[in-house]
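Engineer: predicted coordinates and the sequence they were generated for:
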Amino acid sequence: MSTPPTGCPYTGSCELYPRFSLKGALKIWQQRYCSHETQHQRCARYQLATSNEPVPATLLPNGEHIPTT
Ligand code: SF4
């Protein structure tokens, strides 16, 4: 488990983060949010997790949901 020196503190616990690694197309989220120095604070998942709210498994950083397969 590697946590980037900057970026989202939830990369170790976020359900979606490993899925980003699996799906090449979703890697863009990692670059735009998870690994970004400040942008991860705008992630919908980050905001829920920070508020101690349950984070839906399918919630994307932009607040939309991915279809579950
Ligand atoms: S999806 Fe959001 S909460 Fe999850 S690791 Fe990326 S920035 Fe953090």
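Structural biologist: Noted; the coordinates are in hand.

Engineer: ok, the nearest residue to residue 66 once chain neighbours are set aside - how many residues close by?
Structural biologist: Leaving aside its sequence neighbours, residue 66 sits nearest to residue 58 (Cβ to Cβ, 6 or more residues apart in numbering; 4.9 Å). Heads up, the C-betas are built off the backbone N, CA and C, glycines and all. When neighbours are defined as other Cβ atoms under 10 Å, residue 58 has 13 of them.

Engineer: over to residue 20?
Structural biologist: 21.

Engineer: also residue 52?
Structural biologist: 7.

Engineer: over to it. Which of the three states is it?
Structural biologist: Put simply, residue 52 is coil when judged by DSSP: H, G, I helix; E, B strand; the rest coil.

Engineer: show me which positions of stretch 8-19 end up buried.
Structural biologist: Neighbour-count burial for stretch 8-19, counted by 16 or more other Cβ atoms under 10 Å, picks out 8, 10-11, 14, 16-17.

Engineer: likewise stretch 47-65?
Structural biologist: Burial within stretch 47-65, assessed by neighbour count using 16+ other Cβ under 10 Å, is assigned to 49, 55, 59-61.

Engineer: which among those residues gets closest to residue 33?
Structural biologist: Closest approach between those and residue 33, by Cβ to Cβ: residue 61, at 4.3 Å.

Engineer: just checking, residue 30 touches residue 16?
Structural biologist: No. Counting by Cβ atoms under 8 Å, residue 30 does not reach residue 16; the two are 9.6 Å apart.

Engineer: residue numbers of the protein in contact with the ligand?
Structural biologist: Neighbours of the ligand within the chain, by Cβ under 6 Å from any ligand atom: 8, 10-11, 14, 16-17, 33-34, 40, 43, 45-46, 49, 61.

Engineer: now render the residues you listed as TSV, adding secondary structure and pLDDT.
Structural biologist: Shown next, in TSV, are the residues of the chain next to the ligand (DSSP: H, G, I helix; E, B strand; the rest coil; pLDDT from 0 to 100):
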residue	secondary structure	pLDDT
8	coil	95
10	coil	94
11	coil	90
14	coil	91
16	helix	84
17	helix	84
33	helix	95
34	helix	92
40	helix	96
43	coil	97
45	helix	96
46	helix	98
49	helix	97
61	coil	94
